[in-house]
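**Student:** got a predicted model here, sequence first, then my questions.
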Amino acid sequence: MDTTALTDNHLSSLISEFKIDAQIASVKPFGSGHINDTYRITNNNPNGVDYLLQRVNHHVFRDVPALMQNLVNVTNHLKQMLLTIQGADIEKEVLTIVETKNNQPYFKDEDGNYWRIFHFLKNTRSYDQVETEKQAFEGGKAFGRFQTLLSGLDTSLVKDTIPDFHNIESRLSKLLTAIDKNAAGRLNEVLPEIEFIKARANKMNEILSSGRAGILPQRIVHNDTKFNNVLLDNEDKAQCVIDLDTVMAGYVAYDFGDSIRTIINTTAEDEADLKLIGLKITLFEAYTKGYLQEAIDFLTEAEINSLFKGVLLLPYIQAVRFLTDYLEGDHYFKIHSPDHNLQRTKAQLALVKKLEENQETLQQIILNTWLKLKKQSG
Ligand code: ADP
Ligand code: GN1
Ligand code: MG
């Protein structure tokens, strides 16, 4: 995607397409996502609404109108569900989409770019890395509640925005194609990583095969639960799950595994010094507690047993995706240096290794937390 700076004029004319109620003070790049381009629109009136403008990456999301219809359906459903919960605040706890003056949830400009605007949720923040047990616990609660609230949504209202997103067979097959093509001429640099990935390919297929066998139910899940996709309030209480572009059918273990990938790691997902990569087990425990507390009523025993498989799968699949992008010449993820995707791959594989070494402890924590909650609920 073209990430050249947009002129103030261009931004103002885009914003004027939407039903905005603000005297705009500034429009500034915001956040650290790898896919969309995000700007904060600040209102001159400090008591008025601020907004969040995004250019949706249409190279990644091929059918933006369908994606935006998903977002409308999902946010409407979440708001309706929250209205039945005492004390819930639908303005703060669910994204609010701002329509265009033509009553559409997005605007397509003359260059073919798609734009959307949400209410900016003030006095919140997202963490690229989790610092405290409280944050981890609250994040677990937020994603557990999110899945619970969506468990009643009519699945026909949510289309696949990226087919086979967490399908490991399809991800590995794309990696093999990238290896064969060697388009960026980088194959020789990554032979140890390929070997590591190939050695684990069969084991990583377990969620998919249990799903196909009907052992694990498909549900509407978030599919991109890295920790900076939940906003916490000033007191670090969970407020709102964001980045809903990949909400679609999947397995709960995908969401659990992707959150844990970012929470449990002692470093960032792209840490260059692999020696620093370790596990924060207390944060894992706190997230598990928060998540299961909210989700226990709808999860099956097979799903509980699948959670640790997700913990191994998600950093692994992430490494497969980063490596594929590196071999293809960095077309997908935003990068900040030429070897960024390689560094990310190595860091994720180092994390997989650490998780494997601590498998028993982590599985035991999931089981104990579940048993304790089950006992409490009688
Ligand atoms: P990407 O797909 O690029 O990750 P996100 O939708 O996650 O885009 O947005 C990027 C960042 O912007 C988030 O990590 C978060 O910090 C911030 N953000 C997104 N939506 C909101 C919102 N409604 N209010 C406040 N901050 C937001
Ligand atoms: C992307 O959009 P963002 O930064 O929240 C990616 C996720 C990856 C993540 C890795 C649509 O998430 O799948 O797990 O980067 N989103 C998409 O950091 O591919
Ligand atoms: Mg994001």
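**Tutor:** Alright, I've got the coordinates. Ligands and ions are numbered 1, 2, ... in the order given.

**Student:** C-terminal to the strand or helix carrying F322, what's the next element?
**Tutor:** Assigned by DSSP states H and E, F322 falls within helix 301-328. Following helix 301-328 in sequence order, the next helix or strand is helix 340-357 (DSSP H and E).

**Student:** next, the angle helix 301-328 makes with the next helix or strand after that next one.
**Tutor:** Going down the chain from helix 340-357, the next helix or strand is helix 359-376, by DSSP H and E. Calculated by axes from the mean of the first three to the mean of the last three C-alpha atoms, to 10 degrees, helix 359-376 forms an angle of 140 degrees with helix 301-328.

**Student:** buried ones in the helix holding F322?
**Tutor:** For helix 301-328, a neighbour-count test (16 or more other C-beta atoms under 10 Å) marks 303-328 as buried. Every C-beta, even on glycine, is put in place using the N, C-alpha and C of the backbone.

**Student:** likewise stretch 62-72?
**Tutor:** Those would be V64, L67, M68, Q69, N70, L71, for stretch 62-72 by 16+ other C-beta under 10 Å.

**Student:** before we move on, what about stretch 369-378?
**Tutor:** Using 16+ other C-beta under 10 Å as the burial criterion, the residues of stretch 369-378 that qualify are T369, W370.

**Student:** and the chain, what are its domains?
**Tutor:** When the chain is parsed into structural domains using automatic domain parsing, the resulting residue ranges are 3-119, 133-376.

**Student:** for those, which one ends up most surrounded?
**Tutor:** Across the domains of the chain, averaging neighbours per residue (mean count of other C-beta atoms under 10 Å) puts domain 133-376 on top, at a mean of 19.

**Student:** which residues of the stretch 1-150 of the chain lie near ligand 1?
**Tutor:** Selection of the stretch 1-150 of the chain residues close to ligand 1 by C-beta under 6 Å from any ligand atom yields 30-31, 33, 35-36, 38, 52, 95, 118, 120-121, 124, 126.

**Student:** average model confidence for stretch 358-371?
**Tutor:** The predicted model gives stretch 358-371 an average pLDDT of 98.

**Student:** re earlier: just the closest of the residues of the stretch 1-150 of the chain next to ligand 1 to ligand 3, please.
**Tutor:** Distance to ligand 3 across these (C-beta to the ion) is lowest for G33, with 3.8 Å.

**Student:** need the per-residue pLDDT for the closest one.
**Tutor:** Looking at G33, its pLDDT is 82.

**Student:** equivalent analysis for the one 5 residues further on, please.
**Tutor:** pLDDT recorded at T38 is 95.

**Student:** for this structure, which segments count as strands?
**Tutor:** Remark: strands assigned in the chain by DSSP state E are 24-29, 37-43, 51-56, 97-98, 107-108, 114-119, 124-125, 219-221, 230-233, 238-241, 248-250.

**Student:** so which elements touch the last one?
**Tutor:** It refers to strand 248-250. The contact analysis (3 or more C-beta pairs under 8 Å, 6 or more residues apart in numbering; DSSP states H and E) places strand 248-250 against strand 219-221.

**Student:** what does the strand it packs on contact?
**Tutor:** With contacts defined as C-beta atoms under 8 Å, 6 or more residues apart in numbering, strand 219-221 is touched by 74, 147, 150-151, 153, 155, 158, 247-252, 254-255.

**Student:** go again with 7 Å.
**Tutor:** With C-beta atoms under 7 Å, 6 or more residues apart in numbering as the test, strand 219-221 has contacts from 147, 150-151, 153, 155, 158, 247-252, 254-255.

**Student:** may I see the residues you listed arranged in JSON lines, with distance to D89 and pLDDT as well?
**Tutor:** Output for these, formatted as JSON lines (distance: C-beta to C-beta, whole Å; pLDDT from 0 to 100):
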{"residue": "Q147", "distance to D89": "20", "pLDDT": "97"}
{"residue": "L150", "distance to D89": "18", "pLDDT": "96"}
{"residue": "S151", "distance to D89": "21", "pLDDT": "92"}
{"residue": "L153", "distance to D89": "20", "pLDDT": "91"}
{"residue": "T155", "distance to D89": "27", "pLDDT": "88"}
{"residue": "V158", "distance to D89": "24", "pLDDT": "97"}
{"residue": "V247", "distance to D89": "21", "pLDDT": "98"}
{"residue": "M248", "distance to D89": "26", "pLDDT": "97"}
{"residue": "A249", "distance to D89": "29", "pLDDT": "95"}
{"residue": "G250", "distance to D89": "28", "pLDDT": "96"}
{"residue": "Y251", "distance to D89": "30", "pLDDT": "97"}
{"residue": "V252", "distance to D89": "26", "pLDDT": "98"}
{"residue": "Y254", "distance to D89": "28", "pLDDT": "98"}
{"residue": "D255", "distance to D89": "23", "pLDDT": "98"}
